[in-house]
Every structure is written in C-alpha cells, then in structure tokens.
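Asks: One predicted model, sequence on top.
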Amino acid sequence: MELSDTQIIERTLDGEPEAFSMLVRRWERQIYCLTLRMLGRDEEAKDATQETFLSAYRNLSKFRGEAKFSSWIYRIALNVCNTKLRSRSKSTISLDEQRETTGFELAADTNDLSEGIQQEQVAGHVRRALNGLPSEMRQVIIMKEYEGLKFSEIAEILGIPISTVKTRMYTGLNELRKRLEHLRAAV
Amino acid sequence: MSDTNKNCNMREALVSYLYSEATPDEGRRVEAHLTECGACTQELAAFENVRGMLQQWQIDEMPVVRVMTDPRRSALSLLKELFTNTPIWAKAMGAVATALLVLAVMGTEVSIGRSGFSARVDLLHRGRRVEPASSTITPNIGDAVNAASIEQVRALVNTMVVESERQQREDIKAQLVSLESQLSTMHSADLAKLSQRIQDHQTRLKTIERDIDRREGLDLTDILFSELTSKPGRAGVATQGGGD
C-alpha cells in the first residue's frame, strides 16, 4: 500500500532520510513544471526545483500536519521562484531566448503550418504572455490552469483570501487575453 | 470589454463559473446574468479561448533533477561500515581476544609440563580433574582453581606472544641477510656483464677504426692511381720529376 505524504514525513523524521526520496519522486514533476512556468527558463527551473526540495528537507520538522504537504511545498517553490525573479531584471523573455530554450521557431507563413508547429507557436505566445504578467497574477493562473488546484487551495498556499485569488485570476486572464491578441496579430 | 461590464460586479462569480467552482446558487445567478449581458457573455467566451491557448503549452519532458540530501546514518549502518573498513588483521586480533575471553570465563584447565603445553576446556564442568591438596575441600577451592587457571592461561598467552615475537624477529633477520646476499650477488653479476659489454664495444671500435683507416688508405691509393693513369704522358712527366 502506498504511503501518504504524512507517513513518509514521519518516517523521515524518525530517522529514515531515504524515505524523503519517495516524496521527491512523487512531487518533482509538479514542482518542476510550476517553477518552469514561473521562471520561463529551464536551468533556473531545475535549480529552483532542487532548492525547493532541499529547503523542504531541511525544514521538515517545521511542517505541521494541519495543512497538506502539497500546499506547503508549493509555497516553498513559489517563494524560491519569487526570490529568483526579484534577483533578475523584470523583462519579458526575448524571442531569441525563447528559441534557445524551447527550440521554438516562428513559421513564415501561418497558412501552411502543420498542427504541431502551430501548437508550438501558440505555446511560445503563451510563454511570453505569461512571463509578462506580474508575479502575483502569474502564480495564480499557473496553479489554477496547470496544477489544477482549487481556489481554496491556492488561497491556502498564498495565505490570502479566496476572493483575492479570484480577483487576481480575473485580472490575469484579462491581461493575458490582451497580450495574446497582440502577439497573434504581430505574426 | 472590461469597461462595459465593470458595473456588473460579476468578476468573482464569472471566474468561479468558468472553472466550475460556483455554488448552485451562484451558477444560477451567473447564467441568468449572461442571458441579459452581452459584454459578460463575450468576456466569458474570451476567457474560454485564453484557457484553450494556455493548455497548448504542455511540458512533456521532465529533466533529471538530482536532489541530494544529507542522510543521517543510523548507528547500525555506521557499525556495518566500521566492520567493512576494518583491516583483516584487526578483525583477527579481535576474534582471538574474544576467544581468549570466552576460554577464560569458561571452565578451562591448562597444564604445562615436560611434555609441553596442554589445555582442556570443560564447558559443562564434567570430569573436571581437580586434585585438591587435602580431603578437607571447601567450596572456595573451586573458585581458587578457576582463578589459578585463568592466571595460568594469561601467563601462558604472554609467554607465547613473547616467543612468537622473538621468532618473528629472527625470521625477518634471516630473510634480510639472505636478501642482501642475493642483491650483492646480482650486483656483481651485473657489473661483470657490463664490463664484458664495454670490452666488446671497445674491440668493435678498434676494428671499425682499422677498417676506416684501411679504406681511407685504399681510397687515396685509388685516387692517386687514377690520376696517374687518366692523363697520357703524365706518368712519364711524373717519373721524370717534372710537372705542369
């Protein structure tokens, strides 16, 4: 029978540090995807993922079983991402930088695009548009759209009221709509 | 679009409805509003479109992210590692010490006589050859015998260790002497070989020098002879002692 997050944490704190690797394997993909979408850069996302789990391991004794482990580690990941974002200049990712990290190429003629290339193009627009959003809106949209969290869970992770989460969601979607329309028109 | 419907005050409800998290009452309220408000209907459709585009960005490949923690070792794992890393001689000494301790605390009888050393372990204390000095045996004599046996064993072990060390020293000394002799012999042989080689080389050099001298002499002779025979009349002039 698979162990719950809480059981794994108890084992780790009882002197089985190797048990923590089960938690890592369980959550590393979500955390990596979250950090990648927050930071927009693969190498930074990998660093952020490592930092997140290391921080979680070191502070495991401080984890209270009242909240879910997922909420706790998401919070750590977002803090790590925000720290990294503050340390670099606030600028949108250039198209060249996007090509380097994703291999994304703009098609010269949209009429002859295959489906796969079209999807890549849209993904590139989305990536740029998301990176242009303020961090507080971006993290709400990422957690809702990509992590599938409920508004109440997002509120718990961020430590803000649910109504604030929804307001940020609304404003963020509006901003994205404008940016994506602009990007599509520019092609 | 947001300017036309900002008075609708439906932002949070719209978002809840969009993500299917609206309560039943909230859902009914939104649907009723949408039938009356084109702006909110358009906005909801736009948000659906944005959601569709957001889902186009999927992360398929998960890189290998190595998270190294600092494992705290248990005492058992530390003991295992200690045992693995301990050299064989230390393990052997430990085993010998343990065996001696076990022998010492169990019934052990040791005797050293003209025939040599003998020891007998009597774990169940049966047939113990205890020869009391008199018939008046008290219960303390058994303990005294045990203590004496233990002391004898200790003395015997000490003697054996000293003897073993002395023997080892002598063996090593003999080996060193033998090795030195061998090295000396090898050295002399090598020197002799070198000397012979040098002599051989010298002989060859002398032979080569003689050959060179002989050839040089022949060449000169050839040169002179060829000069004398190549020019007609030259020989007569030469013999007459005249020259050009």
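Replies: Received the coordinates, thanks.
Asks: Could I get the full set of helices for chain B?
Replies: Per DSSP state H, chain B carries helices over the ranges B:11-18, B:24-34, B:38-54, B:75-85, B:88-105, B:139-230, B:234-240.
Asks: for the ones you listed, which one sits closest to A:Arg86?
Replies: Nearest to A:Arg86 among the helices of chain B is helix B:38-54 (24.7 Å), distances taken as C-beta to C-beta. (Each C-beta comes from the backbone N, C-alpha and C, glycine too.)
Asks: and the closest one, what's its mean pLDDT?
Replies: Confidence for helix B:38-54, expressed as mean pLDDT, is 94.
Asks: do that helix and chain A meet at all?
Replies: Yes - applying C-beta under 8 Å from any C-beta of the partner chain, one finds helix B:38-54 touching chain A at B:Ala46, B:Phe47, B:Asn49, B:Val50, B:Arg51, B:Met53, B:Leu54.
Asks: Name only those of those that count as buried.
Replies: Those of those that meet the buried threshold are B:Ala46, B:Phe47, B:Val50, B:Arg51, B:Met53, B:Leu54, by 16 or more other C-beta atoms under 10 Å in any protein chain shown.
Asks: Find the nearest non-adjacent residue to the first one, please.
Replies: Nearest residue to B:Ala46 in three dimensions, chain neighbours excluded: A:Arg177, at 5.2 Å (C-beta to C-beta, 6 or more residues apart in numbering or on different chains).
Asks: List the residues that contact the one you found.
Replies: Going by C-beta atoms under 8 Å, 6 or more residues apart in numbering or on different chains, A:Arg177 touches B:Ala46, B:Phe47, B:Asn49, B:Val50.
Asks: In contact with the second one, which residues?
Replies: It refers to B:Phe47. Contacts for B:Phe47 (C-beta under 8 Å, 6+ apart) come out as A:Leu173, A:Arg177, B:Leu14, B:Leu18.
Asks: Output these in CSV; the columns should cover pLDDT and distance to A:Ser71.
Replies: Output for the contacts of B:Phe47, formatted as CSV (pLDDT from 0 to 100; distance: C-beta to C-beta, whole Å):
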residue, pLDDT, distance to A:Ser71
A:Leu173, 96, 23
A:Arg177, 93, 29
B:Leu14, 95, 26
B:Leu18, 96, 23
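Asks: which of the residues you listed has the most neighbours?
Replies: Using other C-beta atoms under 10 Å in any protein chain shown as the neighbour criterion, A:Leu173 leads those with 25 neighbours.
Asks: tell me the angle the longest helix seen in chain A makes with helix B:11-18.
Replies: For chain A, the longest helix by residue count, based on DSSP H, is helix A:162-186. Helix A:162-186 and helix B:11-18 are oriented at 70 degrees to each other (axes from the mean of the first three to the mean of the last three C-alpha atoms, to 10 degrees).
Asks: Pull out the buried residues from the helix or strand hosting A:Arg26.
Replies: For A:Arg26, the host element (DSSP states H and E) is helix A:20-39. For helix A:20-39, the neighbour count (16+ other C-beta under 10 Å) marks A:20-24, A:27-28, A:30-39 as buried.
Asks: Please apply the same query to stretch A:62-80.
Replies: Within stretch A:62-80, the residues that count as buried by 16+ other C-beta under 10 Å are A:Phe63, A:Phe69, A:Ser70, A:Ser71, A:Trp72, A:Ile73, A:Tyr74, A:Arg75, A:Ile76, A:Ala77, A:Leu78, A:Val80.
Asks: just stretch B:155-163 next, same as before
Replies: Of the residues in stretch B:155-163, none count as buried by neighbour count, 16+ other C-beta under 10 Å.
Asks: Please apply the same query to stretch B:38-46.
Replies: Within stretch B:38-46, the residues scored as buried using 16+ other C-beta under 10 Å are B:Ala39, B:Cys40, B:Glu43, B:Leu44, B:Ala46.
Asks: you'd agree the fourth one is up against B:Ala13?
Replies: Same thing as B:Leu44. No - counting by C-beta atoms under 8 Å, B:Leu44 does not reach B:Ala13; the two are 10.7 Å apart.
Asks: and the most centrally placed residue in chain A, what does it touch?
Replies: Nearest residue to the geometric centre of chain A (C-alpha atoms, centre = their mean): A:Leu34, 2.0 Å. Applying C-beta under 8 Å, 6+ apart, we find A:Leu34 in contact with A:Tyr74, A:Ala77, A:Leu78, A:Cys81, A:Ile142, A:Met143, A:Tyr146, A:Glu147.
Asks: ok, 7 Å please
Replies: With contacts defined as C-beta atoms under 7 Å, 6 or more residues apart in numbering or on different chains, the neighbours of A:Leu34 are A:Tyr74, A:Ala77, A:Ile142, A:Glu147.
Asks: Of the residues you listed, which belong to helices?
Replies: Short answer: the contacts of A:Leu34 in helices (DSSP H) are A:Tyr74, A:Ala77, A:Ile142.
Asks: could the residues you listed go into CSV alongside distance to chain B?
Replies: As requested, those are exported to CSV (distance: C-beta to the nearest C-beta, whole Å):
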residue, distance to chain B
A:Tyr74, 16
A:Ala77, 12
A:Ile142, 9
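Asks: Now do stretch A:138-149, average pLDDT.
Replies: 95.
Asks: in that stretch, what counts as buried?
Replies: In terms of neighbour count (16+ other C-beta under 10 Å), stretch A:138-149 has its buried residues at A:Arg138, A:Gln139, A:Val140, A:Ile141, A:Ile142, A:Met143, A:Lys144, A:Glu145, A:Tyr146, A:Glu147, A:Leu149.
Asks: so where does the first one fall, helix or strand?
Replies: Following DSSP H and E, one finds A:Arg138 within helix A:135-145.
Asks: Downstream of that helix, the next helix or strand is which one?
Replies: Next helix or strand after helix A:135-145 toward the C-terminus (DSSP H and E): helix A:151-158.
Asks: element containing A:Val122, please.
Replies: Assigned by DSSP H and E, A:Val122 belongs to helix A:115-131.
Asks: in that helix, what's buried?
Replies: Of the residues in helix A:115-131, A:119-131 count as buried by neighbour count, 16+ other C-beta under 10 Å.
Asks: which strands and helices sit next to that helix?
Replies: If you count contacts as 3 or more C-beta pairs under 7 Å, 6 or more residues apart in numbering or on different chains; DSSP states H and E, helix A:115-131 packs onto helix A:95-102, helix A:162-186, helix B:38-54.
Asks: and the angle from the longest one to helix A:115-131?
Replies: Here helix A:162-186 runs at 130 degrees with respect to helix A:115-131, directions being taken by the same axes, to 10 degrees.
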